[in-house]
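Q: okay, here's the prediction I keep looking at, along with the sequence it came from:
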Amino acid sequence: MSVVVVAIDGPSGSGKSSTSKAVAEHFGWAYLDTGAMYRAMAWAWLASGIAIEDTAAVAEMVRRTDLQVGTDPVAPTISVDGTDVSAAIREPRVSAEVSKVSSIQAVRDDLIARQRAVIAAAPGGIVVEGRDITTVVAPDADVRILLVADPQARVARRAAELGEKATGAEVTDQVIRRDRDDSRVTAFTEAAEGVTVIDSTYDDLPTVVGRVVTLVEQTLAEEH
Ligand SMILES: Nc1ncnc2c1ncn2[C@@H]1O[C@H](COP(=O)(O)OP(=O)(O)OP(=O)(O)O)[C@@H](O)[C@H]1O
Ligand SMILES: Nc1ccn([C@H]2C[C@H](O)[C@@H](COP(=O)(O)O)O2)c(=O)n1
């Protein structure tokens, strides 16, 4: 039996992680946060002392790094060479630097191969979220969604989530500047052909989850 793949892309703060986890949990499927993989490699790079300009050395470090990703949507985990970095990769210092690492093509090639291996090994189904899932990682996914929201809503959500852990300037940087940098290497600002756009600006999380679940159910019913 083949794996059901739901691919969700979108800008920072549009709700990809929250929505994907809830949809995966609803169906009893796995969940893959590809952004966490880039964050984990950025965390490793920050500890390495390698100059970012030496892209070959950064890519080699990534190639040698053991990355373990847990795909339980209720308790996703991620570790680098045996160290649990689940909390550390969310720190503002990682958010501020991750785009430098994720914009190195050799790093992307390495992580995309690992992402495809996780997808292929998923039992039953998997919800995969990121920036290039609908276009590069899994363009043949059963369901492909671009989850968007207005920049003001995304900044407000991130600010509420981080509270005193980040200043207003850091929040704006994490959302607006990061999207600008990330969109140079991944195409998540426009929906590719066959991708369904879901706008979460005015809908709360349960409503958005319900829309995705309905879309998945309709698509699977049409496939059979
Ligand atoms: N539909 C929604 N309405 C209101 N708040 C939401 C909604 N969806 C998600 N949120 C909240 O917005 C914040 C960002 O959501 P989430 O982390 O899922 O976004 P994301 O797209 O995965 O972001 P990033 O790509 O930066 O990791 C979280 O605090 C989450 O609880
Ligand atoms: N498929 C992906 C997923 C993520 N990235 C990059 C871009 C983001 O700035 C960074 C962290 O992702 P987030 O945790 O905010 O979703 O990783 C990418 O290039 N491709």
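A: Happy to help now that I have it. Note that this is a predicted model, so its numbers are computed, not measured. Ligands and ions are numbered 1, 2, ... in the order given.

Q: tally of neighbours for the residue lying closest to residue 181 once chain neighbours are set aside?
A: Closest residue to residue 181 apart from its sequence neighbours, by C-beta to C-beta, 6 or more residues apart in numbering: residue 99 at 4.1 Å. Every C-beta, even on glycine, is put in place using the N, C-alpha and C of the backbone. By other C-beta atoms under 10 Å, 19 other residues sit near residue 99.

Q: spell out which residues sit in contact with residue 99, please.
A: 178, 181-182 (C-beta atoms under 8 Å, 6 or more residues apart in numbering).

Q: now those as CSV including secondary structure and distance to residue 52?
A: Listed next are the contacts of residue 99 as CSV, based on DSSP: H, G, I helix; E, B strand; the rest coil; distance: C-beta to C-beta, whole Å:
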residue, secondary structure, distance to residue 52
178, helix, 16
181, helix, 13
182, helix, 16
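
Q: want to throw the residues you listed into JSON lines with distance to residue 158, neighbour count and pLDDT?
A: As requested, the contacts of residue 99 are exported to JSON lines (distance: C-beta to C-beta, whole Å; neighbours: other C-beta atoms under 10 Å; pLDDT from 0 to 100):
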{"residue": "178", "distance to residue 158": "10", "neighbour count": "19", "pLDDT": "95"}
{"residue": "181", "distance to residue 158": "16", "neighbour count": "13", "pLDDT": "97"}
{"residue": "182", "distance to residue 158": "15", "neighbour count": "22", "pLDDT": "97"}
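
Q: from these, list the ones also adjacent to ligand 2.
A: 178, 182 (C-beta under 6 Å from any ligand atom).
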